[in-house]
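Chemist: Return atomic coordinates for the entry below.
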Amino acid sequence: MKREILFRGKRVDNDKWVEGFAVKWETWNNSTETWTGHYGIVSTGWCNMKPNDCLEVIPETVGQFTGLTDKNGVKIFEGDVLKGGIYLEYEVKWDHEEWGWNITEAALNFYIIGNIHDSPELLA
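Modeler: Alright, predicted model coming up:
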């Protein structure tokens with residue numbers, strides 16, 4: 001079974017979410033003589049690593065699609081906050097020890113109530 005590789009990030013220019021392929025490029029600043037890293041999402045087509053070809057996003061907001069959907073069929077991304085049953089809210093994130101997402105197929109009983117970037121108070 002194929003798993004869709006997809007990323008999401010919040011755009012730098014308008015704070016809107018965009019989904020697609022994640023890319024990184026660097027630009028040289030002659031006045032400061034330093035390289036600056038940029039992170040982007042390519043929603044369609046190909047990115048030639050030029051700022052106009054990619055939608056630049058805030059690096060901290062980039063999250064990968066888990067391959068799972070919530071009970072409403074909405075794609076679950078890293079950083080989403082889920083609720084379900086009698087339990088508290090859950091953040092979706094990669095488990096480095098288990099090498100997998102910390103949400104199991106039981107996530108089908110959960111639904112997305114926000115994400116850690118737009119609503120950090122959900123986990124407070």
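
Chemist: where does L123 land on pLDDT?
Modeler: Looking at L123, its pLDDT stands at 75.

Chemist: cool, G114 as well?
Modeler: G114 carries a pLDDT value of 89.

Chemist: For beta bridges, what are the partners of it?
Modeler: V81 (DSSP bridges).

Chemist: ok, now how distant is it from E4?
Modeler: 22 Å (C-beta to C-beta, to the nearest Å). Where you see a C-beta, it was placed from the backbone N, CA and C, and this is true even at glycine.

Chemist: The two: which has the busier surroundings?
Modeler: Using other C-beta atoms under 10 Å as the criterion, G114 and E4 rank with G114 on top: 17 against 7.

Chemist: for the protein, what's the longest strand?
Modeler: For the chain, the strand with the greatest residue count under DSSP state E is strand 17-29.

Chemist: helices or strands next to the helix or strand following that strand in the packing?
Modeler: Proceeding N to C from strand 17-29, the next assigned helix or strand is strand 34-42, under DSSP states H and E. If you count contacts as 3 or more C-beta pairs under 8 Å, 6 or more residues apart in numbering; DSSP states H and E, strand 34-42 packs onto strand 7-10, strand 17-29, strand 55-56.

Chemist: Is it possible to get TSV of those that adds mean pLDDT?
Modeler: Below are those laid out as TSV (pLDDT from 0 to 100):
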stretch	mean pLDDT
strand 7-10	93
strand 17-29	85
strand 55-56	86
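
Chemist: Could you single out the most deeply buried of those strands?
Modeler: strand 7-10 (a mean of 22; mean count of other C-beta atoms under 10 Å).

Chemist: Can you give the strand pairings for that strand, parallel or anti for each?
Modeler: Applying DSSP bridges, one finds strand 7-10 paired with strand 17-29 (antiparallel), strand 63-69 (antiparallel).

Chemist: Not counting sequence-adjacent ones, nearest residue to the residue nearest the centre of the chain?
Modeler: The centroid of the chain falls nearest to G63 when counting by C-alpha atoms, centre = their mean (2.1 Å). Using C-beta to C-beta, 6 or more residues apart in numbering and skipping residues adjacent in sequence, the residue nearest G63 is E78, 3.4 Å away.
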